[in-house]
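Q: Got a predicted model here, sequence first, then my questions.
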Amino acid sequence: MCGIFGYVGKRTDAGVIAIEGLKNLEYRGYDSWGIACKNGSELHVKKDIGPIGEIDSQEFTAPCSLSIAHTRWATHGGVTQRNAHPHLSEDRNIAVVHNGIVENYLELRKDLKAKGHTFQSETDTEVIPHLIEEELKKTGDFAEAVRAACLHFEGRYAILALHTQSNMLVAARTGSPLIVGVEKGSGYFIASDIPAFMKHTRTVQYLDDGEMVATDGKSITFSDIKTGETRPKREIPITYHIEQAQKGDFEHFMLKEIMDQKDSVARAVNQDEGEIRTIAEAIRRAKGTFLVGCGTAAKACMAAEYFFSVVAEHHVNFAHASEFKLFHHFLKPESLVIVVSQSGETADVLEAIRVARDKGAKVLAIVNVEGSTIDREADYTLLINAGPERAVASTKALTGQLAVLLLIAYALAERLKEGKTLLLETAAAINDMLNPRFVERLETLAEKIHEEENLFIIGKGWNYPMALESAIKIQEVSYVHAEGFAAGELKHGPIALIEKGSPCIVLTGNDEVLLDILSNAQELKARGAMIIGIGPKRHDVFDEWIKAPEASTAQAIMNIIPIQVLAYFLAVKRGKNPDMPRNLAKSVTVK
Ligand code: M6R
């Protein structure tokens, strides 16, 4: 979703810093961008649609110590230069960037127009600087004006406002994330995500929902938006290294992050055993456990339903976070809601947490980003320790989530040691599997099928959610129409789609459902499908076979990795940038 960046302080290169900051937020997904720098007493504003690309930073080298910038993912108003942020007040002294939605903007716009304000864009955002300008007339205090304006907004948002006259930045959040970077004795950064400023500082302060922050670069004050009361704020060190958030020698983050799985799965497995046992006990005692997530994280939750059933003979319920509120009748104070999220910022998941809270249920979060909103809102958190994931397509976060969920299932079955051993062996086998020959083999397969319009993937048991995940991965980066099915469901409808030569991927394991799925593969083959098997053994029905080593109950983790590599090469062969899929954002902070 939209990326926010701002700087105020002693530095005089705030324009160049802002461009760099924006480039580090590109991975979140955007369709236009913009920047405002204070040069002298004037604001220099530049906006455009499309990629930031090789923007001429010469344009921003004039001495400047106050800047804001934005990558926009359009919601209200089309993708145009005018609609790009920042938006300005009537007097051009206030500039605002925004993530989220001001739901009552039409009403506010009407009132402001009646007071003589003119609007240049179709966005909801543009009412914000105009309303702040009106409030500023009352008190002359910029932070107070932003606070007063916020009290008029309905909806979930993060805003960052710059004021040329007081030389201040003020930010407020009621939903989307905002993080302050503290450069001691020099200044402050405010951004949607740490990579935007981590080159300059490794100390952060998180804004909680309902909070605002005001800084002139010398000091900083956090306060409550509603009451105006100041709030103390801890400084927190960033625990990962800058190299982990960079591409290194890889052309794309997606491939780098796929390769990171050589050690990220082992990191996910190395959890504190006492903590895992405590969580297993909480699941055992809970009156109803619910697994909730979106997109790829949701597929991890679905796979975990099978892990808990097969390994621990324990029933858990899965719901997509966006559907969860419809099941609130089943929540009790004794229920446990396990939310799974890479970013820890997904709006639908945050809403699911609120639904759980309203019923008094406890919330366990399985997240990647430490300090994220979901991490801070949950009763307990388990970090998957995958390291920064920047490609829009989630890869190493998924295998980390699966590993942690399977580990919990083993703990619930009182076989934690056995589960840990199996998962560490799986991690070692992933390390071996991700060798250059394996990658080349998948590149060759991608070359063979990259012009196909349709791709089908089938699985059974935990390989069924992996078939759904395979489809997401292929769709989002290559735009091939891919669909995943429960293998046994084919004959109930989807088999009508199969034509001569249709590529069908069959995810297999050495498990109790192997014979079933092989017979489903035969049914496809009999109708002309080209069968691509993924799993530990070659079977006669396969036209092509990609070996994913034997991993027992962890086969889902093993099988999804070749699909990730295949999706990557399908995108590249089709001339698409896998790191920046159209229409998508890395963290989906709107509902
Ligand atoms: O950050 P989250 O794990 O909560 O994100 C959930 C989904 O938005 C995410 O998994 C999305 O589906 C990915 N683009 C899939 O690769």
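A: All right, it came through fine. Numbers count the residues shown, from 1 in each chain.

Q: Distance of whichever residue of the stretch 1-150 of the chain sits closest to the ligand relative to residue 589?
A: Minimum separation of the stretch 1-150 of the chain from the ligand (C-beta to the nearest ligand atom) falls at residue 29, amounting to 8.9 Å. Just so you know, the C-beta spots here come from the backbone N, C-alpha and C atoms, and that holds for glycine as well. Computed as C-beta to C-beta, to the nearest Å, the residue 29 to residue 589 distance reads 11 Å.

Q: repeat for residue 427
A: Residue 427 sits 31 Å away from residue 589, going by C-beta to C-beta.

Q: Give me the secondary structure label for the closest residue to the ligand within the stretch 351-500 of the chain.
A: Closest residue of the stretch 351-500 of the chain to the ligand, C-beta to the nearest ligand atom: residue 394 (3.8 Å). Three-state call for residue 394 (DSSP: H, G, I helix; E, B strand; the rest coil): coil.

Q: Begin at 41 from now on, thanks
A: Will do, 41 is the new start, and the previous item becomes residue 434.

Q: what about the nearest residue to it once chain neighbours are set aside, neighbour count?
A: Of all residues not flanking residue 434 in the chain, residue 336 sits nearest, at 4.1 Å (C-beta to C-beta, 6 or more residues apart in numbering). Neighbour count of residue 336, defined by other C-beta atoms under 10 Å: 23.

Q: as a whole number, average confidence for the particular helix or strand that has residue 336 in it?
A: Using DSSP states H and E, residue 336 sits within helix 335-352. The average pLDDT within helix 335-352 is 98.

Q: Stretch 43-61 now?
A: On average, stretch 43-61 scores 93.

Q: Just the endpoints, please. Distance across it?
A: Using C-alpha to C-alpha, to the nearest Å, the end-to-end distance of stretch 43-61 comes out at 9 Å.

Q: Next one: residue 271 relative to residue 422, how far apart?
A: For residue 271, the distance to residue 422 - C-beta to C-beta - is 28 Å.

Q: Which one's more surrounded, these two?
A: residue 422 (24 against 15).

Q: Output the below-cut-off pLDDT ranges for the chain.
A: 41, 94, 96-97 (pLDDT under 70).

Q: Might you report the residue contacts of the residue in it positioned nearest to the ligand?
A: Per C-beta to the nearest ligand atom, residue 335 is where the chain lies closest to the ligand, at 1.9 Å. Listed by C-beta atoms under 8 Å, 6 or more residues apart in numbering, the contact partners of residue 335 are 434, 512, 628.

Q: what would those residues look like in CSV with distance to residue 599?
A: Shown next, in CSV, are these (distance: C-beta to C-beta, whole Å):
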residue, distance to residue 599
434, 16
512, 15
628, 26
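
Q: so which of those residues is the most crowded?
A: residue 434 (29 neighbours).

Q: next helix or strand past the helix or strand encompassing residue 414?
A: Applying DSSP H and E as the criterion places residue 414 in helix 413-417. Counting by DSSP H and E, the next helix or strand C-terminal to helix 413-417 is strand 420-423.

Q: Run the chain-centre distance for whichever strand or helix holds residue 439.
A: Secondary structure assignment for residue 439, by DSSP H and E: helix 436-452. Centroid separation for helix 436-452 versus its chain: 19 Å, with C-alpha atoms, centre = their mean, to the nearest Å.

Q: which element follows it toward the C-terminus?
A: The first helix or strand that comes after helix 436-452 along the chain, using DSSP H and E, is helix 456-473.

Q: what residues does that following helix touch?
A: By C-beta under 8 Å, 6+ apart, helix 456-473 touches 301-303, 305-306, 309, 313, 316-317, 320, 351, 439, 443, 446-447, 449-451, 453, 587-589, 591-594, 597-598, 601.
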